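Asker: just coords:
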C-alpha cells in the first residue's frame, strides 16, 4: 500500500458553542451574532482547506463532532491536547510530523486566507526551516515547520501583540531560516468583520 506523504495541514477550531466563540465580537453585538460570524469563518476555512492538496488534520477544542460539515472522508479528526494554546499546537505538530515531511497550522479566524497562501507555505518549507503568515494584530495566522520545535510554543503570551515578535526571536536564536508570507487580518472584533 502506498504511503500518503503529502504535507499536513493542521486546522485548529473551537467547537461552535454560543457564548464561547468570538467573545470580543460578542461584547459589541451579542452572543448570537458572534456565533453567526464564527460559523461563517468556519465555513470559509473548511472550503479553503478542501482546495489544498494535503492531509488535513482537524483539531477540535473540546470534543470531536462526527456529524458536522467537516466530512471524515476529507478530514482526520482529532482533539487538541495541552494546558495552553502553545502546548496544544506543539502536540499537534508532534503528532502529525512523523507522518510527513512538513506541516502547516492554521486557525479559523482569517477570512482573507486562501488556499494559495497555504500552498505557498508548503513550497517555502522546501527551502526554509519555518514559514509564518503574520497577522496585523501582532500574531500569526499560519505557521509551518519540518520538525516539532517546543521552543516556539513555550512561554509565549498568546493572544497578545507580541506573539509574532517572540516567535521570530526564538527562530533567530537557533539560527534557523524563515519566510514571512503577506500580513493578513484576523477577524477578532466586529469592525474587522465589517471591513472584511
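Answerer: All right, it came through fine. Note that the coordinates shown come from a computational prediction; the quantities given were computed from them, not determined experimentally.
Asker: ok, residue 42 touching residue 11?
Answerer: No: between residue 42 and residue 11 there is no contact under C-beta atoms under 8 Å: 9.7 Å. (C-beta placed from N, C-alpha, C; glycine too.)
Asker: Give the residues shared as contacts by these two.
Answerer: Shared contacts of residue 42 and residue 11 (C-beta atoms under 8 Å, 6 or more residues apart in numbering): residue 108.
Asker: So which of these two has more stuff around it?
Answerer: Each of residue 42 and residue 11 has its neighbours counted (other C-beta atoms under 10 Å); residue 11 has more, 23 against 19.
Asker: Now do the more buried one against residue 54, distance only.
Answerer: Per C-beta to C-beta, to the nearest Å, residue 11 is found 10 Å from residue 54.
Asker: cool, and residue 13?
Answerer: From residue 13 to residue 54 the distance is 16 Å (C-beta to C-beta).
Asker: same deal with residue 117?
Answerer: Per C-beta to C-beta, residue 117 is found 13 Å from residue 54.
Asker: on that earlier part again, who has more neighbours out of residue 13 and residue 54?
Answerer: Neighbour count, other C-beta under 10 Å: between residue 13 and residue 54, residue 13 has more, with 23 against 20.
Asker: Make sure the more buried one is actually in contact with residue 60.
Answerer: Yes: if you go by C-beta under 8 Å, residue 13 and residue 60 touch, sitting 6.2 Å apart.
Asker: Which parts of this structure are strands?
Answerer: Secondary structure of the chain (DSSP state E): strands at 8-13, 55-60, 76-79, 103-106, 130-134, 140-145, 178-180.
Asker: of all those, which lies closest to residue 155?
Answerer: strand 140-145 (16.2 Å; C-beta to C-beta).
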